[in-house]
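*Asks:* Sequence isn't available, so here's the structure alone:
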């Protein structure tokens with residue numbers, strides 16, 4: 001498990017290769033998270049959980065005015 005704090009206005013992108021042979025599940029603890037998985041955009045709020053699909057480029061973005069805190073669960077396939 002990895003806890004991440006994403007400040008307002010911040011975004012980070014990971015290439016599809018970062019998700020090969022790994023399962024990722026995201027749980028938002030506070031704030032809002034925009035997660036762009038390939039061409040699909042998800043908006044997650046506190047308590048929302050999302051399991052990523054097949055490897056694709058993923059962008060984690062905080063478009064809100066407050067810090068977003070979320071957990072990432074990584075499991076090797």
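*Replies:* Noted; the coordinates are in hand. Model, not experiment: these values are computed from the prediction.
*Asks:* Please report phi then psi for residue 18.
*Replies:* Main-chain torsions, residue 18, degrees, to the nearest 10: phi -70, psi -10.
*Asks:* who touches it in this structure?
*Replies:* residue 58 (C-beta atoms under 8 Å, 6 or more residues apart in numbering). For the C-beta atoms, the positions are set from N, CA and C on the backbone; glycine is no exception.
*Asks:* Okay, now the unreliable bits of this protein?
*Replies:* Across the chain, nothing is flagged by pLDDT under 70.
*Asks:* Okay, strands next: where are they in it?
*Replies:* Remark: strands assigned in the chain by DSSP state E are 2-6, 11-14, 22-30, 33-37, 40-44, 49-51, 58-61, 68-76.
*Asks:* As CSV, those strands with mean neighbour count would be great.
*Replies:* Putting these into CSV (neighbours: other C-beta atoms under 10 Å) gives the following:
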stretch, mean neighbour count
strand 2-6, 13
strand 11-14, 12
strand 22-30, 16
strand 33-37, 19
strand 40-44, 13
strand 49-51, 12
strand 58-61, 18
strand 68-76, 15
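*Asks:* residues contacting residue 12?
*Replies:* 6, 59-60.
*Asks:* ok, so what distance separates it from residue 18?
*Replies:* 11 Å (C-beta to C-beta, to the nearest Å).
*Asks:* Could you do residue 58 as well?
*Replies:* 8 Å.
*Asks:* again with residue 1
*Replies:* Distance from residue 1 to residue 18, by C-beta to C-beta: 17 Å.
*Asks:* so what's residue 68 up against?
*Replies:* Counting by C-beta under 8 Å, 6+ apart, residue 68 touches 5-6, 28, 30-33, 62.
*Asks:* ok, how many other residues are close to the residue lying closest to it once chain neighbours are set aside?
*Replies:* Spatial nearest neighbour of residue 68, chain neighbours left out: residue 31 (3.5 Å); criterion: C-beta to C-beta, 6 or more residues apart in numbering. Using other C-beta atoms under 10 Å, the number of residues around residue 31 comes to 20.
*Asks:* Surely residue 31 and residue 61 touch.
*Replies:* No - assessed by C-beta atoms under 8 Å, residue 31 is found out of contact with residue 61, at 11.5 Å.
*Asks:* Understood, closing this out.
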